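S.K.: Pasted the sequence and its predicted model underneath.
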Amino acid sequence: MTHVALVGCGHIHTPGFVKRLQNRSDITVRAVWDHDRARAEKRAAELNAPVVDDLDAIWGDERIRAAIICSETDRHADLVRSAAGAGKHMFVEKPLGLGKDDAYPMADAIKRAGLLFQTGYFQRGIPAHLFLKQEVEKGTFGKITRVRASNCHSGALGDWFTPEWLWMTDPAQAGVGAFGDLGTHALDLLLWIFGGVDRVTATLGSAINRYGPGCDETGEALMIFESGVIGTLAAGWVDVADPITFEISGTEGHAYILDRSEVFIKSSHLEGADGKRAWTVLPTAWPHAFELFLDAVNGASVPLVDAHEAAYRSAVMEAMYMGAKEKSWVNLR
């Protein structure tokens with residue numbers, strides 16, 4: 001039996017992680033902590049675990065092998081530094097940091113300690129995304145010229161964040177608004193498939209001003225990859241639909257994904273890929289990113305997000321927000 005601790009319960013995905021933990025017979029939650037004790041007590045009751053008020057009780061418990069950090073983003077740095085010093089493997093909800101200044105030191109501390117790390121970029125394991133990454137690596141699209149990723153929902157329209165998750169609408173605590181919250185998933189896919197970026201810019205906006213003028217509700221970014229590929233990224237909380245979630249265009253092929261599931265691809269390098277019918281031969285889905293972390297802590301060899309990958313995504317997103325503020329391009333190299 002592997003013992004873990006839930007350190008911070010503030011992220012909107014916490015209830016989902018609690019359910020996954022409840023379904024694992026090989027994992028026991030030994031302690032729950034949050035700076036808001038009532039919040040900790042709620043999750044502890046669901047997990048049949050004790051609440052601790054002193055984090056040292058977690059860091060000093062040798063039976064606890066891993067920390068699941070679901071706190072507000074502005075608390076990540078202190079918690080990650082302490083967890084690394086205590087030798088605890090870490091799942092840290094996305095984004096890792098507010099920007100490059102706190103994200104990279106966290107990644108460095110994790111690497112120096114030789115610890116397992118994972119964050120919540122679950123979209124890598126979706127069959128449609130795995131397929132397109134595979135075909136990019138095979139050269140199915142020829143010279144890729146432009147790519148697009150979109151990750152949008154109606155969270156602000158439905159006021160999903162009030163009252164329990166309202167901190168996520170405060171950029172001082174979250175580091176971002178809607179564009180960064182959802183956009184980090186799409187950004188991860190773009191960087192994972194197409195590599196690093198040379199420069200970025202963005203435009204942020206609002207539709208209903210649900211959470212005040214300081215919190216963006218939608219946005220669009222433009223990026224130039226180091227390879228020369230032109231990329232665009234859309235994300236927001238004010239969309240009633242988001243049907244086309246990914247697109248690749250190249251000199252010898254084209255593909256798009258409907259609702260993160262159906263792939264339509266056209267390329268002479270792939271027999272039968274006429275772009276008229278959904279492509280049905282897709283890779284097997286990976287387990288959720290959180291499940292992969294728990295499997296890794298139990299000794300399994302599984303794909304995880306590298307801590308420095310996560311830090312780079314925080315740095316790129318920060319640059320996009322800077323580009324929006326300054327109405328200019330921001331260089332990443």
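M.R.: Nice, thanks for sending it over.
S.K.: distance of the residue nearest to Ser328 when sequence neighbours are not counted from Ala319?
M.R.: Of all residues not flanking Ser328 in the chain, Thr201 sits nearest, at 6.5 Å (Cβ to Cβ, 6 or more residues apart in numbering). Bear in mind the C-beta positions are built from the backbone N, C-alpha and C, glycine included. Computed as Cβ to Cβ, to the nearest Å, the Thr201 to Ala319 distance reads 9 Å.
S.K.: neighbour count winner among those two?
M.R.: Ala319 (23 against 19; other Cβ atoms under 10 Å).
S.K.: Now do the nearest residue to that one once chain neighbours are set aside against Asp159, distance only.
M.R.: Computed as Cβ to Cβ, 6+ apart, the closest residue to Ala319 that is not its neighbour in sequence is Val330, at 4.1 Å. In this structure, Val330 and Asp159 are 32 Å apart, going by Cβ to Cβ.
S.K.: for Thr119, same thing?
M.R.: Thr119 is 26 Å from Asp159, by Cβ to Cβ.
S.K.: Looking at the two, which is more packed in?
M.R.: Between Thr119 and Asp159, Thr119 has the larger neighbour count (other Cβ under 10 Å), namely 25 against 15.
S.K.: thinking again about what came up before, beta partners for the residue nearest to Ala319?
M.R.: Beta-bridge partners for Val330, by DSSP bridges, are Val200.
S.K.: so it makes contact with Val200?
M.R.: Yes - counting by Cβ atoms under 8 Å, Val200 is a contact partner of Val330 at 5.7 Å.
S.K.: For His254, grab the count of nearby residues.
M.R.: So His254, with other Cβ under 10 Å, has 17 neighbours.
S.K.: quick check, it in a strand?
M.R.: Yes - His254 sits within a strand when classified using DSSP: H, G, I helix; E, B strand; the rest coil.
S.K.: Please give me every residue in contact with the spatially most central residue of the chain.
M.R.: Nearest residue to the geometric centre of the chain (Cα atoms, centre = their mean): Tyr121, 3.7 Å. Shown in contact with Tyr121 (Cβ atoms under 8 Å, 6 or more residues apart in numbering): 94, 184-185, 188, 192, 289, 305, 310.
S.K.: Report the separation between it and Asn151.
M.R.: 11 Å.
S.K.: overlap in contacts of these two?
M.R.: Common neighbours of Tyr121 and Asn151 (Cβ under 8 Å, 6+ apart) are His185.
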